[in-house]
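Visitor: Requesting a structural model of the entry that follows:
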Amino acid sequence: MDPETRNELDQTMAAIAAQTAATLRAYPRPGRAVRHVVLRDTHDDRDTQFETAQIEDDGTLRVAGHDTGARVSDFFGAAITSYEWVYVVPAGRVPALAQALGAEHGEDVSTPWPAATSSTTAGSASCCAAPKSLPSSTTGPIEPQHWPRPGRIL
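Guide: Next comes the predicted model:
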């Protein structure tokens, strides 16, 4: 999209947000996924949870999720029925994250994913967990960028 068209779109969206008392957030555009894995895809009578992780062509790790249903409302209140989030870990921090999740030095970052995701939110709405507190590594804290978005499905 050319810059002028992008600017027009941004202004229009800002005007709509102002009129509806909404919060407008521009999320970073994902890169091309070179590897992708579904971390969670569960459905029951109370909700649906879906979470994926991808490694982008520049090495960035993007973990995204979407929960819908009663458990979301139980946590946020009846008006909120949907919750989406995105964690973005820059390429240079992915090895530290892999080690924090239990991978050996130099091991592929996807190796510890199943163990790390299956026990952290089992039995609860993943949306209700606070952003994961990741330990420091030898090169400093991991600090992923986190963009939550609660809302209502209309």
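
Visitor: ok, the host helix or strand of Val34: who's next to it in the sheet?
Guide: Val34 belongs to strand 33-43 when assigned by DSSP states H and E. Here strand 33-43 has these sheet partners by DSSP bridges: strand 47-56 (antiparallel).

Visitor: I'd like to know which elements the helix or strand just after the strand it pairs with is packed against.
Guide: Next along the chain after strand 47-56, taking DSSP H and E as the criterion, comes strand 61-69. Packing contacts for strand 61-69, counted by 3 or more Cβ pairs under 8 Å, 6 or more residues apart in numbering; DSSP states H and E, involve strand 33-43, strand 47-56, strand 82-89. (Each C-beta comes from the backbone N, C-alpha and C, glycine too.)

Visitor: Could I get the ones you listed in TSV, plus columns for mean pLDDT?
Guide: Formatted as TSV, the helices and strands packed on strand 61-69 follow (pLDDT from 0 to 100):
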stretch	mean pLDDT
strand 33-43	90
strand 47-56	92
strand 82-89	87
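
Visitor: can you tell me which of those comes nearest to Phe76?
Guide: Across the helices and strands packed on strand 61-69, Phe76 has its closest neighbour in strand 82-89 (7.1 Å, Cβ to Cβ).

Visitor: who does that closest one touch, helix- and strand-wise?
Guide: Partner elements for strand 82-89 (3+ Cβ pairs under 8 Å, 6+ apart): strand 61-69, helix 70-76, strand 145-151.

Visitor: how is this protein carved up into domains?
Guide: What automatic domain parsing lists as the domains of the chain is 1-30, 31-151.

Visitor: In terms of mean pLDDT, which of these ranks lowest?
Guide: Lowest mean pLDDT of the domains of the chain: domain 31-151, a mean of 73.

Visitor: among the helices and strands packed on strand 61-69, which is nearest Gln11?
Guide: strand 82-89 (24.1 Å).

Visitor: Which residue, other than its chain neighbours, is closest to Ala14?
Guide: Sequence neighbours aside, Leu24 is the residue nearest to Ala14 in space, at 5.9 Å (criterion: Cβ to Cβ, 6 or more residues apart in numbering).
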